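[1] I would like the atomic coordinates for the input below:
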Amino acid sequence: MGTWGPGLWADDTAVDVRSSYREALEDGFADDEATSRILEMFASDVADMDAPGVVWLALGMAQSSVGRLTDRVRERAITVIDSGSDLARWNEADAKTRSKRAAVLDDVRDVLLGPQPDRKRIRKPTRVETTLVPGDVLAFTARSGRHHLLAVRAVLDTRDGTSPIVELLDYTGRAMPTSTMLSTLHSRPPTPQSASSDPAVPWKTVSGCVKHRRGKDFDDYGFRLAGKIDPPRKDVQEALVDAPTSYAGWDFWSTYLEREDEKHGERAHKAGMQAWIETRLWAEGSAVPGWSAIGVVDHGQQLPDAPIDVWTHEWHSLDETLFVNLPSEPGRTLDLPIYEVRTSAGATRFAARELSDDFWCFYGPA
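    Below is the predicted model:
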């Protein structure tokens, strides 16, 4: 448990008291029973000499918010405030923080001693169930035409329903990857902690639990089911469920991916121009027996003089690599995996590697 600010709800215990009280009412417990359950659940916190009044303050405000404030809880909460026991917890804080806590306690006192709202009817919320399962891959197509992929890694099951836990795959392109390529994609790495405060750094969010509203799901926000991959092991799924990195809705993810796609386009253009120049130099100055440079193209773009469109066929890895010497950097090579596309007309071999986002270098048999 922890406290991260002077606000009443900037405290784990206070938040848990509020949510647990609400859940007890939603589950049909009578008012007195709900209160007794909370005091039993948080008995150790009530007895905690370091934070003796947090439970009473939180329970009093929780009861008041739904028109169920009892005399006992109000009296105990007011005693906590008037005795100074809660404010004493902040003696080592700076004057500004202590002043803010005092103002919070004044507000709580006014609410508890003021007119109370009418008793509100509490209904148990309807569970909202996701149709997604671990291993599902969702595609989002930005306005640029580039695709971004979210993989469902686990499903979180709570009293409110089930929600997918997703991770962003390390892929951006105008052509959807084949099923074979899809299975080789890894999760996009998160932004380094040292750069996390820089708003220009891309992909600050790469995973999280997606909460959705009843009647609104992923397909209402531009996502579609694009394929399936092997789900994580059960122990990995359990670890993700135990500690989701964040909570957001599908609306966040669609807006976020659109914004990041714009940044991606700017970065790809600059990096791609450099990659094109460098690759031309490599192609002109490098000799690979039995192979010749085809060129550098955008992902999905037709290769010059190619007999087939490799982007519309499945790539079969031959578990071989073409090593291209770099004249400008003696001893260094550009390593290109060798693939094969199989059609009714025969097999076509080529070597390819992504040099930067969306830009690919291709070699073919001479």
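[2] Could you pull out the helices in the stretch 51-200 of the chain for me?
    For the stretch 51-200 of the chain, the helices defined by DSSP state H, counting those that start in this stretch cover 54-65, 71-83, 85-88, 95-113, 179-182.
[3] Save those as JSON lines, and put in mean neighbour count, distance to Arg127 and mean pLDDT too.
    For glycine as for every other residue, the C-beta is placed from the backbone atoms N, C-alpha and C. Listed next are the helices of the stretch 51-200 of the chain as JSON lines, based on neighbours: other CB atoms under 10 Å; distance: least, CB to CB, whole Å; pLDDT from 0 to 100:
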{"stretch": "helix 54-65", "mean neighbour count": "24", "distance to Arg127": "23", "mean pLDDT": "96"}
{"stretch": "helix 71-83", "mean neighbour count": "17", "distance to Arg127": "30", "mean pLDDT": "95"}
{"stretch": "helix 85-88", "mean neighbour count": "16", "distance to Arg127": "37", "mean pLDDT": "90"}
{"stretch": "helix 95-113", "mean neighbour count": "15", "distance to Arg127": "32", "mean pLDDT": "95"}
{"stretch": "helix 179-182", "mean neighbour count": "15", "distance to Arg127": "31", "mean pLDDT": "89"}
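[4] got those helices as JSON lines, with distance to Val128 columns?
    Output for the helices of the stretch 51-200 of the chain, formatted as JSON lines (distance: least, CB to CB, whole Å):
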{"stretch": "helix 54-65", "distance to Val128": "23"}
{"stretch": "helix 71-83", "distance to Val128": "32"}
{"stretch": "helix 85-88", "distance to Val128": "37"}
{"stretch": "helix 95-113", "distance to Val128": "32"}
{"stretch": "helix 179-182", "distance to Val128": "28"}
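[5] Figure out the helix or strand that the closest residue to Ala139 other than its chain neighbours lives in.
    Nearest non-adjacent residue to Ala139, counting by CB to CB, 6 or more residues apart in numbering: Ala226, 3.7 Å away. In the assignment (DSSP states H and E), Ala226 maps to strand 223-228.
[6] ok, and what's touching that strand?
    Contacting residues not belonging to strand 223-228 are listed as 135-140, 147, 149-150, 176, 179, 182, 218, 250, 253-254 [CB atoms under 8 Å, 6 or more residues apart in numbering].
[7] ok, now with 6 Å
    Strand 223-228 is contacted by residues Gly135, Val137, Leu138, Ala139, Phe140, Ser179, Leu182 when judged by CB atoms under 6 Å, 6 or more residues apart in numbering.
[8] Give me the residues contacting whatever helix or strand comes next after that strand.
    Counting by DSSP H and E, the element after strand 223-228 in chain order, helix or strand, is helix 234-242. Identification of contacts with helix 234-242 by CB under 6 Å, 6+ apart yields Arg153, Ala154, Leu156, Ile165.
[9] ditto for stretch 98-107
    Residues from elsewhere that reach stretch 98-107 (CB under 6 Å, 6+ apart): Pro6, Leu8, Ile81, Trp90.
[10] Most remote residue from the middle of the protein, which is it?
    Centroid-distance maximum for the chain: Pro289 at 46.4 Å, with CA atoms, centre = their mean.
[11] ok so, going back, tell me which residues of the strand holding Ala226 are tucked away?
    Phe223, Ala226, Gly227, Lys228 (16 or more other CB atoms under 10 Å).
[12] Model confidence score at Arg119, please.
    Arg119 carries a pLDDT value of 94.
[13] Look up how far Leu25 lies from it.
    11 Å (CB to CB, to the nearest Å).
[14] who has more neighbours, the two?
    Leu25 (22 against 11; other CB atoms under 10 Å).
[15] hang on, the more buried one is in a strand, isn't it?
    No - going by DSSP: H, G, I helix; E, B strand; the rest coil, the assignment for Leu25 is helix, not a strand.
[16] Tell me how many other residues surround the residue nearest to it when sequence neighbours are not counted.
    Closest residue in space to Leu25, ignoring its immediate chain neighbours: Ile122 at 4.3 Å, by CB to CB, 6+ apart. For Ile122, the count of nearby residues is 19 (other CB under 10 Å).
[17] Show me which pair in the contacts of helix 234-242 is furthest apart.
    The distance between the two most remote of those (CB to CB) is 10.6 Å, for Arg153 and Leu156.
[18] Give me the common contacts of the two.
    By CB under 6 Å, 6+ apart, the residues touching both Arg153 and Leu156 are Ile165.
[19] wait, doesn't the residue nearest to Leu25 sit right on Asp27?
    No - with contact defined as CB atoms under 6 Å, Ile122 does not count as touching Asp27 (9.5 Å).
[20] From Phe223, how far off is the residue nearest to Leu69 when sequence neighbours are not counted?
    Excluding its sequence neighbours, the residue lying closest to Leu69 (CB to CB, 6+ apart) is Gln63, at 4.4 Å. Applying CB to CB, the value for Gln63 to Phe223 is 41 Å.
[21] same deal with Asp235?
    With CB to CB as the criterion, Asp235 and Phe223 are 28 Å apart.
[22] again with Ala88
    According to CB to CB, Ala88 and Phe223 sit 51 Å apart.
[23] again, but for Trp250
    Taking CB to CB, one finds Trp250 at 7 Å from Phe223.
[24] any idea which element Ser292 lies in?
    When elements are defined using DSSP H and E, Ser292 is found to belong to strand 291-298.
[25] Mind giving me the packing neighbours of that strand?
    In terms of contacts (3 or more CB pairs under 6 Å, 6 or more residues apart in numbering; DSSP states H and E), strand 291-298 is packed against helix 250-285, strand 359-365.
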